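Undergrad: The following comprises the amino acid sequence and a computationally predicted model.
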Amino acid sequence: MKSKLITRAGYKKLQEEHDYLWKDKRPKITAIVNWAASLGDRSENADYTFNKRILRQIDRRVRYLRQRLEELNVIDYSPQQEGKVFFGASVEIENDKGELLFFKIVGPDEIYDTKNYISIDSPMARAMLKKQVDDDFIVQTPEGEKEWFVNKIEYLDK
(Lines give C-alpha, C1' and ligand atoms only; values in the text may rest on other atoms or scores of the structure.)
Protein backbone atom coordinates (compact mmCIF):
# COMPACT_ATOMS: atom_id res chain seq x y z
CA MET A 1 0.00 0.00 0.00
CA LYS A 2 1.33 3.41 -0.97
CA SER A 3 1.82 5.87 1.85
CA LYS A 4 -0.18 9.08 1.65
CA LEU A 5 2.71 11.47 2.29
CA ILE A 6 3.81 14.10 -0.19
CA THR A 7 6.01 17.19 -0.18
CA ARG A 8 4.42 20.57 -0.88
CA ALA A 9 6.25 20.74 -4.24
CA GLY A 10 5.01 17.26 -5.16
CA TYR A 11 1.42 18.17 -4.29
CA LYS A 12 1.67 21.31 -6.40
CA LYS A 13 2.98 19.30 -9.35
CA LEU A 14 0.07 16.82 -9.15
CA GLN A 15 -2.39 19.72 -8.87
CA GLU A 16 -0.84 21.38 -11.93
CA GLU A 17 -1.11 18.12 -13.89
CA HIS A 18 -4.79 17.83 -12.93
CA ASP A 19 -5.49 21.44 -13.92
CA TYR A 20 -3.68 21.07 -17.25
CA LEU A 21 -5.55 17.87 -18.14
CA TRP A 22 -8.94 19.18 -17.04
CA LYS A 23 -8.79 22.80 -18.21
CA ASP A 24 -6.50 22.64 -21.25
CA LYS A 25 -6.01 19.22 -22.80
CA ARG A 26 -9.47 17.71 -22.24
CA PRO A 27 -11.39 20.60 -23.89
CA LYS A 28 -9.11 20.40 -26.95
CA ILE A 29 -9.54 16.63 -27.31
CA THR A 30 -13.30 16.94 -26.73
CA ALA A 31 -13.52 19.46 -29.58
CA ILE A 32 -11.68 17.05 -31.90
CA VAL A 33 -13.98 14.17 -30.90
CA ASN A 34 -17.08 16.32 -31.53
CA TRP A 35 -15.73 17.41 -34.91
CA ALA A 36 -14.88 13.81 -35.88
CA ALA A 37 -18.30 12.59 -34.72
CA SER A 38 -20.00 15.19 -36.93
CA LEU A 39 -18.42 13.58 -40.02
CA GLY A 40 -20.76 10.62 -39.85
CA ASP A 41 -19.80 6.94 -39.64
CA ARG A 42 -17.74 6.59 -36.47
CA SER A 43 -16.80 2.94 -36.95
CA GLU A 44 -14.21 3.75 -39.62
CA ASN A 45 -13.27 7.21 -38.41
CA ALA A 46 -9.68 7.06 -37.15
CA ASP A 47 -9.77 10.62 -35.73
CA TYR A 48 -12.84 9.79 -33.67
CA THR A 49 -11.55 6.41 -32.43
CA PHE A 50 -8.06 7.66 -31.56
CA ASN A 51 -9.17 10.83 -29.79
CA LYS A 52 -11.99 9.06 -27.95
CA ARG A 53 -9.32 6.71 -26.52
CA ILE A 54 -7.20 9.70 -25.46
CA LEU A 55 -10.26 11.26 -23.83
CA ARG A 56 -10.86 8.08 -21.79
CA GLN A 57 -7.19 8.09 -20.69
CA ILE A 58 -7.46 11.74 -19.62
CA ASP A 59 -10.67 11.07 -17.70
CA ARG A 60 -9.12 8.06 -15.95
CA ARG A 61 -6.06 10.10 -14.91
CA VAL A 62 -8.20 13.04 -13.73
CA ARG A 63 -10.33 10.71 -11.59
CA TYR A 64 -7.20 9.19 -10.09
CA LEU A 65 -5.64 12.61 -9.38
CA ARG A 66 -8.81 13.96 -7.77
CA GLN A 67 -9.06 10.96 -5.47
CA ARG A 68 -5.34 10.93 -4.65
CA LEU A 69 -5.11 14.69 -4.00
CA GLU A 70 -7.93 14.40 -1.45
CA GLU A 71 -6.21 11.66 0.53
CA LEU A 72 -2.62 12.95 0.47
CA ASN A 73 -1.00 14.56 3.53
CA VAL A 74 1.38 17.41 2.70
CA ILE A 75 4.45 17.23 4.94
CA ASP A 76 6.41 20.43 5.42
CA TYR A 77 9.86 20.78 6.91
CA SER A 78 10.06 21.08 10.68
CA PRO A 79 13.18 22.34 12.52
CA GLN A 80 12.89 19.28 14.80
CA GLN A 81 13.95 17.12 11.83
CA GLU A 82 17.34 18.81 11.54
CA GLY A 83 20.28 16.44 11.89
CA LYS A 84 18.28 13.26 11.30
CA VAL A 85 16.85 11.51 8.26
CA PHE A 86 13.10 12.02 7.89
CA PHE A 87 10.62 12.55 5.08
CA GLY A 88 11.82 15.31 2.74
CA ALA A 89 15.52 14.87 3.56
CA SER A 90 18.19 14.97 0.87
CA VAL A 91 20.75 12.39 1.89
CA GLU A 92 24.22 11.38 0.74
CA ILE A 93 25.20 7.83 1.66
CA GLU A 94 28.31 5.73 1.04
CA ASN A 95 29.08 2.03 1.23
CA ASP A 96 32.36 0.36 2.21
CA LYS A 97 33.43 0.25 -1.46
CA GLY A 98 33.32 4.04 -1.64
CA GLU A 99 30.19 4.15 -3.83
CA LEU A 100 28.17 7.31 -3.21
CA LEU A 101 24.44 7.78 -3.63
CA PHE A 102 22.55 11.04 -3.25
CA PHE A 103 18.76 11.24 -3.20
CA LYS A 104 15.74 12.88 -1.64
CA ILE A 105 13.15 10.92 0.33
CA VAL A 106 9.67 11.76 -0.97
CA GLY A 107 6.20 10.26 -1.32
CA PRO A 108 5.51 7.48 -3.82
CA ASP A 109 3.63 9.87 -6.14
CA GLU A 110 6.75 12.02 -6.61
CA ILE A 111 9.37 9.53 -7.77
CA TYR A 112 8.31 9.36 -11.42
CA ASP A 113 10.13 11.49 -13.99
CA THR A 114 12.58 12.64 -11.32
CA LYS A 115 16.06 11.29 -10.92
CA ASN A 116 17.49 10.86 -7.42
CA TYR A 117 14.14 10.68 -5.62
CA ILE A 118 13.23 7.58 -3.64
CA SER A 119 9.93 6.70 -2.02
CA ILE A 120 9.52 6.78 1.74
CA ASP A 121 8.10 3.26 1.24
CA SER A 122 11.36 1.89 -0.22
CA PRO A 123 13.55 -0.44 1.85
CA MET A 124 16.46 2.04 1.57
CA ALA A 125 14.43 4.96 2.96
CA ARG A 126 12.90 2.85 5.72
CA ALA A 127 16.33 1.59 6.80
CA MET A 128 17.80 5.08 7.17
CA LEU A 129 14.92 6.83 8.96
CA LYS A 130 16.05 8.61 12.15
CA LYS A 131 19.74 8.05 11.33
CA GLN A 132 22.28 10.85 11.76
CA VAL A 133 25.51 11.76 9.96
CA ASP A 134 28.15 9.04 10.50
CA ASP A 135 25.51 6.43 11.42
CA ASP A 136 25.54 3.17 9.53
CA PHE A 137 22.48 1.13 8.59
CA ILE A 138 21.66 -2.18 6.94
CA VAL A 139 19.36 -2.51 3.91
CA GLN A 140 17.78 -5.81 2.93
CA THR A 141 18.21 -6.35 -0.82
CA PRO A 142 17.52 -9.32 -3.10
CA GLU A 143 21.29 -10.02 -2.99
CA GLY A 144 21.32 -9.93 0.82
CA GLU A 145 22.17 -7.33 3.44
CA LYS A 146 24.05 -4.19 2.38
CA GLU A 147 25.66 -1.74 4.78
CA TRP A 148 25.63 2.02 4.13
CA PHE A 149 26.86 5.09 6.02
CA VAL A 150 25.16 8.48 6.21
CA ASN A 151 27.57 11.20 5.01
CA LYS A 152 25.27 14.21 4.73
CA ILE A 153 21.68 15.23 5.52
CA GLU A 154 20.07 18.39 4.14
CA TYR A 155 16.57 19.79 4.07
CA LEU A 156 16.48 21.91 0.94
CA ASP A 157 12.77 22.86 1.07
CA LYS A 158 12.80 24.86 4.30
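TA: Done, it's in.
Undergrad: how distant is stretch 19-32 from the center of its chain?
TA: In this view, stretch 19-32 has its centroid 23 Å away from the chain centroid, taken as C-alpha atoms, centre = their mean, to the nearest Å.
Undergrad: And this protein, what are its domain boundaries?
TA: The chain resolves into domains spanning 5-74, 79-154 when parsed by automatic domain parsing.
Undergrad: name the helices or strands packed onto the longest helix along the chain?
TA: In the chain, taking DSSP state H as the definition, the longest helix is helix 46-71. Judged by 3 or more C-beta pairs under 8 Å, 6 or more residues apart in numbering; DSSP states H and E, the packing partners of helix 46-71 are helix 8-20, helix 26-37. For every residue, glycine as well, the C-beta is placed using N, CA and C.
Undergrad: Just send those back as a markdown table, with distance to S78, mean pLDDT and mean neighbour count too.
TA: Listed next are the helices and strands packed on helix 46-71 as a markdown table, based on distance: least, C-beta to C-beta, whole Å; pLDDT from 0 to 100; neighbours: other C-beta atoms under 10 Å:
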| stretch | distance to S78 | mean pLDDT | mean neighbour count |
| --- | --- | --- | --- |
| helix 8-20 | 13 | 96 | 15 |
| helix 26-37 | 38 | 93 | 14 |
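Undergrad: quick one: which of the ones you listed is nearest R126?
TA: helix 8-20 (18.7 Å; C-beta to C-beta).
Undergrad: got the angle between that closest one and helix 26-37?
TA: Helix 8-20 runs at 30 degrees relative to helix 26-37, counting by axes from the mean of the first three to the mean of the last three C-alpha atoms, to 10 degrees.
Undergrad: who touches helix 8-20?
TA: 6, 61-62, 65-66, 68-69, 72, 74, 76, 106-107, 109-110, 157 (C-beta atoms under 8 Å, 6 or more residues apart in numbering).
Undergrad: Are any of these buried, and if so which?
TA: Buried members of the contacts of helix 8-20, scored by 16 or more other C-beta atoms under 10 Å, are I6, R61, V62, L65, R68, L72, V106, G107, D109, E110.
Undergrad: what's the longest strand in this protein?
TA: Secondary structure of the chain per DSSP state E: the longest strand is strand 144-154.
Undergrad: re earlier: which one, of the helices and strands packed on helix 46-71, ends up nearest to N45?
TA: helix 26-37 (5.5 Å).
Undergrad: Distance from that closest one to the middle of the chain?
TA: 30 Å.
Undergrad: Got the phi and psi for the residue nearest to the spatial centre of the chain?
TA: The centroid of the chain falls nearest to E110 when counting by C-alpha atoms, centre = their mean (1.5 Å). For E110, the backbone dihedrals (degrees, to the nearest 10) come out as phi -100, psi -10.
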